[in-house]
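1. Predicted model, plus sequence, below.
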Amino acid sequence: MEFLLRYFPNTAHVMASVAGEHAAVVFWILLSGISFTLLNVKGAAVTGKTENIMVIAKIAVLVVFIIFGIEAVAEDIPATQAEFKPFFPKGVSGVFIAMGLTFIAFEGYDLIATVAEEIKDPGKNIPKATFVSVGVTVFIYLCVLLVSLGAVHPEDMTSWEFLGKYQETAIVKASAQMMPGIGVFLIVLGGVLSTVSALNATVLASSRVAFSMARDGWLPDRMAAIHPKSRTPHIAILATGAVFLITAVVLPVNALGSAASIMFLLVFAMVNLALIALRRKEPSLERPYRMPLYPILPLAGFVINLALALYQIVFDPRPWLFVIGWTVFGLLLYFSVFERRVRGRKPQTLELESPGKPQTQNKFTIVVPLSNPYTVNSLIDMAAALAKQKDGILVGLTVVQVPKQLPIREGVKMAHHSKPLLRAAEKRAAELGVPFVSDLRLGHSAGDAIIDAVRALNADILVMGWKGFANTRDRIFGQITDQMIRHCPCDLALAKMTDSEKKRILLATSGGPNATLGADFSNGFSTLFHATVDACVVVKKDADKAEENAALQRIEGSIAALHLKGNTGKHIVRANSVAAGIARAAKDYDLVVIGAAPPKAFKQMLLGDIPEKVARHSSSPVIIIRKWQGPVSGLFRKLFG
């Protein structure tokens, strides 16, 4: 309306007289909002080009303003210096209030990350664009602030009081004092461009956030729809535009702007905490950009953002009421509708290459997840030993883990990296004379994709590697491995492997269903690699001859009961700790095969105390065997030990 009042006053007065001044403002809000919402539906390319034109134009206008301002400052330097004394006329507390209120003006750089799906090479370009945008914005703001305060000399007040009095039109009033008529026109036009470009960018970014939330189940599914021609999330864009227009028309602008600043401050505080949490929970995650001075910077960011948000209560508590109300509304919606909805959803996975059931039907099926080229041969050797024993088939499985913010089909572009693993596994299986098929899947979670493959193939056993340690304290074996131990619906062989000979096998067993599967592995190694197998038992260090003889009889009974083949020996280990005794004896063997112990009441013991300690501390390769007992018996054991 400022633009119309200054340059088209007759039009502005007619509109105000017919519909009223407020209705005229609402009309222009609706017109601009609807226009840019429809522009966003056309596509990110069109929206981006329009945004670029408007941003370049308004920067050019600001540069003209700064040049005239510098000239005005240079003409009367003493007067300019007087405008900056005192430097903090309202004290330091006023600076904190201003920082909180104006934070929304700097907030736009985060919009870059929200459109990551539509950016080429996001790992490189997003950090670069963020730093450039923040640097340019801060530089231009400081220049505009300097010339606005230093070049404007009202007679009855200071320059900062003058600018505060006219608020959003202050820069127009300032330009009128130091620029010719055409310059004022440019500044007013620049203000219009700044407003509509901010609107355009907000609709673009907010709609992508809504689209991602809908795709993940946090908003209605319709908002995740893609327009068949423009390939834009048109429903999310229209819904975002509608929310924007309603809030802009109904709510007071000043209070809404202050509330928006508070919400952004709180969001950015949580982002800093989230960064620390991700570094701790996912230390091995690939990060194209790593924050320097970690964790000092994120901790400082959290404290400063939170302090600025809380300090706004001193200035005006009303925006905080809006923030609290909006947050409570979101939490109620989350817990009453979307949390239960997402919890019941199946994980998103997609088959690219799968043998399907025909090739594996009526065959003992061994699924081998492959991710490390250095352990492919060892895992295939172990699985092949069991396949020979069971006349089974190997399924080499690779999973392309797709970032959660990307559609699952985006993983197709990354799938070619997994092909060499499958080819290497197929070659090794052919050398050992074992049937082999490939299975390539996409998944937002590698663990969920593995479990889906096991179910789809009706697998009998999952054979997977383990590096020997977990990256974080809240995991026992590792994120994916822990998930397999708890939830994989088939037998499991967890291997801490090295690419070494398999001539001497130590079988540690105390009977039970795990021992039978362990014996199958041992017999397979004996047949395929001509290995010797020693069954072992641990007795106390001070055990007498009678206890030793009893232990020998138990070993002989196990050998007979398990139908161990080949050159099977007996090994008695003297140690007060069973785990320490087996780990020490393992030094003389190429491989240790040990069955998982019955579950205990302690959650941290996934496979039993003894097998976990042996696997962690043994210097030799270790295979832990766990027979799947089914969900019912598994639940019974969990409840009653």
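-> Everything's here; your move. Residues are numbered from 1 along each chain as shown.

2. mind checking which helix or strand of this protein has the lowest mean pLDDT?
-> One helix or strand of the chain scores below all others by mean pLDDT, DSSP states H and E: helix 630-640, with a mean of 43.

3. for stretch 532-539, the distance to its chain's centre please.
-> Mean-position distance between stretch 532-539 and its chain equals 46 Å (Cα atoms, centre = their mean, to the nearest Å).

4. can you list contacts of it?
-> 503-509, 522-523, 525-526, 547-548, 551, 554-555, 558-559, 564, 566-575, 578, 581-582, 585, 589 (Cβ atoms under 8 Å, 6 or more residues apart in numbering). For every residue, glycine as well, the C-beta is placed using N, CA and C.

5. Can you pull the domain assignment for the chain?
-> Here the domain assignment for the chain is 2-250, 252-345, 350-499, 500-623, based on automatic domain parsing.

6. Make TSV out of those domains and add mean pLDDT and mean neighbour count.
-> Formatted as TSV, the domains of the chain follow (pLDDT from 0 to 100; neighbours: other Cβ atoms under 10 Å):
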stretch	mean pLDDT	mean neighbour count
domain 2-250	74	16
domain 252-345	81	14
domain 350-499	79	19
domain 500-623	76	19
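
7. circling back: show me the contacts of stretch 532-539 that map onto helices.
-> Within the contacts of stretch 532-539, residues falling in helices by DSSP state H are 522-523, 525-526, 547-548, 551, 554-555, 558-559, 578, 581-582, 585.

8. Mind picking the two most distant members of the residues you listed?
-> By the measure Cβ to Cβ, 525 and 547 form the most distant pair in the ones in helices among the contacts of stretch 532-539, at 30.2 Å.

9. helix/strand/coil for residue 495?
-> Secondary structure state of residue 495, per DSSP: H, G, I helix; E, B strand; the rest coil, is strand.

10. whoops, I mixed them up, residue 536
-> Judged by three-state DSSP, the three-state class of residue 536 is strand.

11. How much space separates the nearest residue to it once chain neighbours are set aside from residue 560?
-> Counting by Cβ to Cβ, 6 or more residues apart in numbering, residue 571 is the residue found nearest to residue 536 once chain neighbours are left out, at 4.0 Å. Remark: distance between residue 571 and residue 560 (Cβ to Cβ, to the nearest Å) = 16 Å.

12. try residue 568
-> 10 Å.

13. try residue 623
-> Residue 623 is 22 Å from residue 560, by Cβ to Cβ.

14. same thing with residue 449?
-> 42 Å.

15. again, but for residue 509
-> 13 Å.

16. cool, residue 271 as well?
-> Residue 271 sits 63 Å away from residue 560, going by Cβ to Cβ.

17. One more: residue 392?
-> Per Cβ to Cβ, residue 392 is found 25 Å from residue 560.

18. residues contacting residue 565?
-> Contact analysis of residue 565 by Cβ under 8 Å, 6+ apart lists 523, 526, 527.

19. how about JSON lines for those, with distance to residue 301 added?
-> Converted to JSON lines, these look like this (distance: Cβ to Cβ, whole Å):
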{"residue": "523", "distance to residue 301": "59"}
{"residue": "526", "distance to residue 301": "60"}
{"residue": "527", "distance to residue 301": "61"}
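
20. hang on, the earlier thing: how near is the residue nearest to residue 536 to residue 618?
-> Noted for residue 571: a distance of 15 Å to residue 618, by Cβ to Cβ.

21. which SSE is residue 340 in?
-> Element membership for residue 340 (DSSP states H and E) is helix 339-343.

22. Show me what the helix or strand residue 188 falls within packs onto, helices and strands only.
-> Here residue 188 is covered by helix 181-215, with elements defined by DSSP H and E. Other helices and strands packing on helix 181-215, by 3 or more Cβ pairs under 8 Å, 6 or more residues apart in numbering; DSSP states H and E, are helix 2-7, helix 21-42, helix 44-75, helix 111-114, helix 170-178, helix 234-250.

23. my guess is residue 594 is in a helix, correct?
-> No. Residue 594: not assigned to a helix; according to three-state DSSP it is strand.

24. I figured it hits residue 614, correct?
-> Yes. With contact defined as Cβ atoms under 8 Å, residue 594 reaches residue 614; the gap is 5.8 Å.

25. shared neighbours of those two, which are they?
-> In contact with both residue 594 and residue 614: 508, 582, 622, using Cβ under 8 Å, 6+ apart.

26. What is the nearest of those residues to residue 142?
-> residue 622 (62.2 Å).

27. Which helix or which strand is home to the residue nearest to residue 495 when sequence neighbours are not counted?
-> Closest residue to residue 495 apart from its sequence neighbours, by Cβ to Cβ, 6+ apart: residue 623 at 4.9 Å. Secondary structure assignment for residue 623, by DSSP H and E: strand 622-626.
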